[in-house]
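**Student:** show me how the following folds:
(2 chains)
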2 protein chains.
Amino acid sequence: MPSSAPLTDRLLLGPGPSNPYPEAVAALGRPMLGHLDPEFLELLDETMARLRQVFRTSNALTLPISGTGSAGMEACFVNLLEPGDKVIVGVNGVFGERMCDVAQRCGAEVIRVDEAWGRALDPQRLVDAQAQHRDARFVAVVHAETSTGVENDVAPLAALASTDTLLVVDAVTSLGGIPVEVDGWKIDACYSGTQKCLGVAPGLAPLTFGERAVARLRNRSRPPQSWYLDLGLIGAYVGGSTRRYHHTAPISMIYALHAGLGAVLAEGLEAAWQRHQQVGNRLHAALPNLGFRLIAQSGHRLPQLTSTWLPEGADDAALRKALLEQYGIEVGGGLGEFAGKAWRIGLMGHSARDRSVTTLLGALGELL
Amino acid sequence: MPSSAPLTDRLLLGPGPSNPYPEAVAALGRPMLGHLDPEFLELLDETMARLRQVFRTSNALTLPISGTGSAGMEACFVNLLEPGDKVIVGVNGVFGERMCDVAQRCGAEVIRVDEAWGRALDPQRLVDAQAQHRDARFVAVVHAETSTGVENDVAPLAALASTDTLLVVDAVTSLGGIPVEVDGWKIDACYSGTQKCLGVAPGLAPLTFGERAVARLRNRSRPPQSWYLDLGLIGAYVGGSTRRYHHTAPISMIYALHAGLGAVLAEGLEAAWQRHQQVGNRLHAALPNLGFRLIAQSGHRLPQLTSTWLPEGADDAALRKALLEQYGIEVGGGLGEFAGKAWRIGLMGHSARDRSVTTLLGALGELL
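**Tutor:** As a prediction, this is how the structure comes out:
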């Protein structure tokens, strides 16, 4: 029984959760406060200010959604879409597919721009799709495709700012690990998760809405189909002068996010990006020596999430089991069309350390 | 700045969050595990088994939804309703109103059965409404109305089991504090929150679906409008033999729920009910001596959540501020039509102690 067994700890090198920053773990145990307590509201304000720093935005509506990263995706879509709306989605992995599913459940018509798994989307194709569908509500793209380890270029999509089509970006696996420039890239709506490069336990979805997205929210003809994720109502609690109650905020998780963001900003956001890049580079250089072959297109490889084909003859399940049981190391298996054939190795947040690479390479060297 | 200020703790006697059980606080800091780690899955299984014990059900589909109590409400409604469906809702407070709002966002036609705030719904009126609307998908009722401190009788609604209409119960403020008998009362779908009588931080919504609700899920003509709360997909992760990934589970919060339920079951569920009843009785008996007048209808007063008019001439905001700042005690203000005139005093979970009543009465005696 887990309740009486000794506690197990792991080196978490899968696609998330990563090992949280010690500050973020300690903060979970802060004394509970009510969601309308002045001291909690001050901490929430500070958390939102820190989120603006990591999102690189001045957007007022920047907050943690009370759910995991996928709730952030859903919050963007249900607030920006109405039935019959058209939306353009870039698809080169599981999370692009998920966007299509969520959009369809909002009653939207989905224009897909597909690319092979492992290859990056050409941003010009998304811009061209908008030129063909000028009435599209938004173009949505996954910045860091967790299923393939590919970075999709977002900066060129700033061109959409001169159209009536918004830009929505999934930064679940990128925020805190590689540059994300919400204002600089003219992103209208962006969401993330806490359990990847931000180094906090899973459970919250940081989200930011710019002016054009907020205007869209205000001009809806009907309320969003989700009451729980209705950003008009949530905004009146987190940002309103009256702090109108919506739902009970997940207090302890917000403590953890506040502290995790504090750790990231104390290191320096750019320093954290460099750390992720440096350890990722080292892993990419070393894996082929062990017989692994990197999957993601060169020039678009995420340092924080490496996708790789297994060495010839290696047994996916047996090797991951040995890593977990003999070394306490978790790596991720392949999703979708990569299942059983590929691994996903995360170096994210507090796990993005030279020590993690040394440990993993050492263990693999012993096992292979 | 909250980050550098000394930590503040409170005696939480509002409508939630309550003070969490020490076991539930300690568990938040357990080492992080991945959501597919065999040890985490074992702990998740044990958490679901414990939830079945507190819900008093053998329902296989019994799990924590990755959001707060309101996400539990939304999960029930989006999974059981399709556009054009009819639903009967008992309304005698804020949370009954919220059910109507959520149902309408699902495209449902809402048949309201209204009762004055502070009075209990007559269950016969809900049964009669079903007899007039035999095609209604479900009857929904809030067991413990957190806005008014009223208990609505659920047991007589077992009569719905002989019809084609399901019974959906909001047990956010009742579960763990007063008897909730999911199987005994033939409840088809029930949800709760962690931050009330279960004595765990806010952030999860325990939920259970019986056979008729699961059948409804299987016979839908289209997927639920929410991907995040789709119980078909979530069920394949929590209960499926393949543990198919849906979204990353909020690991630390599930640790806390697991431990909080452990504390409740170690005490004994009936003993916890008795503790809540006894401290509630004591508060109800003592408040009139200080000039407070209880609001909820006699015979339907919740022991865990007491609604009361303020003493003649007392200033709501000033008195709550003095309690918070001088004594570190939080009580809740009135919601909706009770705002500024009434208080809501919670004695829930770890806060449901004689010590809490003694402290509150002592502080009020000094302030009034």
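**Student:** residues in contact with the helix or strand hosting residue A:364?
**Tutor:** Using DSSP states H and E, residue A:364 sits in helix A:354-367. With contacts defined as CB atoms under 8 Å, 6 or more residues apart in numbering or on different chains, helix A:354-367 is touched by A:11, A:13, A:278-279, A:282-283, A:286, A:290, A:319, A:322-323, A:326-327, A:329, A:331, A:345, A:347. In short, each C-beta sits where N, CA and C put it, glycine included.
**Student:** my guess is residue A:29 meets residue B:27, correct?
**Tutor:** No: applying CB atoms under 8 Å as the test, residue A:29 and residue B:27 come out as separate, 9.8 Å apart.
**Student:** who has more neighbours, the two?
**Tutor:** Higher neighbour count among residue A:29 and residue B:27: residue B:27, with 27 against 17, using other CB atoms under 10 Å in any protein chain shown.
**Student:** just the buried ones from the contacts of helix A:354-367?
**Tutor:** Among the contacts of helix A:354-367, those classed as buried by 16 or more other CB atoms under 10 Å in any protein chain shown are A:11, A:13, A:279, A:282-283, A:286, A:319, A:322-323, A:327, A:329, A:331, A:345, A:347.
**Student:** those residues in strands, which ones?
**Tutor:** When those are checked against strands (DSSP state E), the matches are A:11, A:13, A:329, A:331, A:345.
**Student:** contacting residues for the closest residue to residue A:104 other than its chain neighbours?
**Tutor:** Leaving out its chain neighbours, the residue that sits closest to residue A:104 by CB to CB, 6 or more residues apart in numbering or on different chains is residue A:110, at 6.0 Å. Each residue near residue A:110 by CB under 8 Å, 6+ apart is listed here: A:87, A:88, A:89, A:100, A:103, A:104.
**Student:** what pairs with the helix or strand hosting residue A:110, and is each one parallel or antiparallel?
**Tutor:** Element membership of residue A:110 [criterion: DSSP H and E] is strand A:109-114. Partners of strand A:109-114 in the sheet, by DSSP bridges, are strand A:86-91 (parallel).
**Student:** average model confidence for the strand it pairs with?
**Tutor:** Average pLDDT, strand A:86-91: 98.
**Student:** contacts for that strand, please.
**Tutor:** Residues contacting strand A:86-91 (CB under 8 Å, 6+ apart): A:81, A:96-97, A:99-100, A:103, A:108-115, A:121, A:126, A:129-130, A:133, A:135-142, A:152, A:165.
**Student:** which is the succeeding secondary structure element to it?
**Tutor:** Immediately after strand A:86-91, counting by DSSP H and E, sits helix A:94-105.
**Student:** kindly export stretch A:51-68 (C-alpha atoms) in PDB.
**Tutor:** Extracted C-alpha coordinates of stretch A:51-68, given in PDB (Å, rounded to 0.1, in the frame of the first residue of the first chain):
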ATOM      1  CA  LEU A  51       3.600  35.400 -14.900                       C
ATOM      2  CA  ARG A  52       3.700  38.600 -16.900                       C
ATOM      3  CA  GLN A  53       7.500  38.600 -16.600                       C
ATOM      4  CA  VAL A  54       7.900  35.100 -17.800                       C
ATOM      5  CA  PHE A  55       5.300  35.500 -20.600                       C
ATOM      6  CA  ARG A  56       7.200  38.800 -21.500                       C
ATOM      7  CA  THR A  57       3.900  40.700 -21.600                       C
ATOM      8  CA  SER A  58       2.100  43.700 -20.100                       C
ATOM      9  CA  ASN A  59      -1.300  42.000 -20.600                       C
ATOM     10  CA  ALA A  60      -3.500  42.800 -17.600                       C
ATOM     11  CA  LEU A  61      -5.400  39.500 -18.000                       C
ATOM     12  CA  THR A  62      -2.600  37.200 -17.100                       C
ATOM     13  CA  LEU A  63      -3.500  34.500 -14.600                       C
ATOM     14  CA  PRO A  64      -3.300  30.900 -13.600                       C
ATOM     15  CA  ILE A  65      -6.300  28.800 -14.700                       C
ATOM     16  CA  SER A  66      -7.400  26.300 -12.100                       C
ATOM     17  CA  GLY A  67      -6.600  23.200 -14.100                       C
ATOM     18  CA  THR A  68      -3.700  21.500 -15.900                       C
END
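**Student:** help me confirm that residue A:258 comes into contact with residue A:47.
**Tutor:** Yes: counting by CB under 8 Å, residue A:258 touches residue A:47, with 4.4 Å between them.
**Student:** please enumerate the helices of the stretch 51-200 of chain A.
**Tutor:** A:69-80, A:94-105, A:123-132 (DSSP state H, counting those that start in this stretch).
**Student:** contacts for the last one?
**Tutor:** Translated: helix A:123-132. Contacts with helix A:123-132, where a contact means CB under 8 Å, 6+ apart, come from A:88, A:90, A:111, A:113, A:136, A:139, A:141, A:152-154, A:156-157, A:159-160, A:163, A:165.
**Student:** mind listing what's buried in the helix-or-strand element of chain A with minimal mean pLDDT?
**Tutor:** When each helix and strand of chain A is scored by mean pLDDT, DSSP states H and E, helix A:231-238 comes last, with a mean of 92. In terms of neighbour count (16+ other CB under 10 Å), helix A:231-238 has its buried residues at A:231, A:233, A:234, A:235, A:236, A:237, A:238.
**Student:** return the list of helices and strands in contact with it.
**Tutor:** The helices and strands touching helix A:231-238, judged by 3 or more CB pairs under 8 Å, 6 or more residues apart in numbering or on different chains; DSSP states H and E, are strand A:61-65, helix A:69-80, helix A:211-218.
**Student:** reformat these into JSON lines and put distance to residue A:307 and mean pLDDT next to each item.
**Tutor:** Output for these, formatted as JSON lines (distance: least, CB to CB, whole Å; pLDDT from 0 to 100):
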{"stretch": "strand A:61-65", "distance to residue A:307": "27", "mean pLDDT": "97"}
{"stretch": "helix A:69-80", "distance to residue A:307": "18", "mean pLDDT": "98"}
{"stretch": "helix A:211-218", "distance to residue A:307": "31", "mean pLDDT": "97"}
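**Student:** nearest to residue A:17, out of those?
**Tutor:** helix A:69-80 (10.8 Å; CB to CB).
**Student:** give me phi/psi at the residue nearest to the spatial centre of chain A?
**Tutor:** With distances taken as CA atoms, centre = their mean, the residue of chain A nearest its centroid is residue A:172 (0.5 Å). The phi/psi pair for residue A:172 (degrees, to the nearest 10) reads phi -60, psi -50.
**Student:** all good on my end, thank you.
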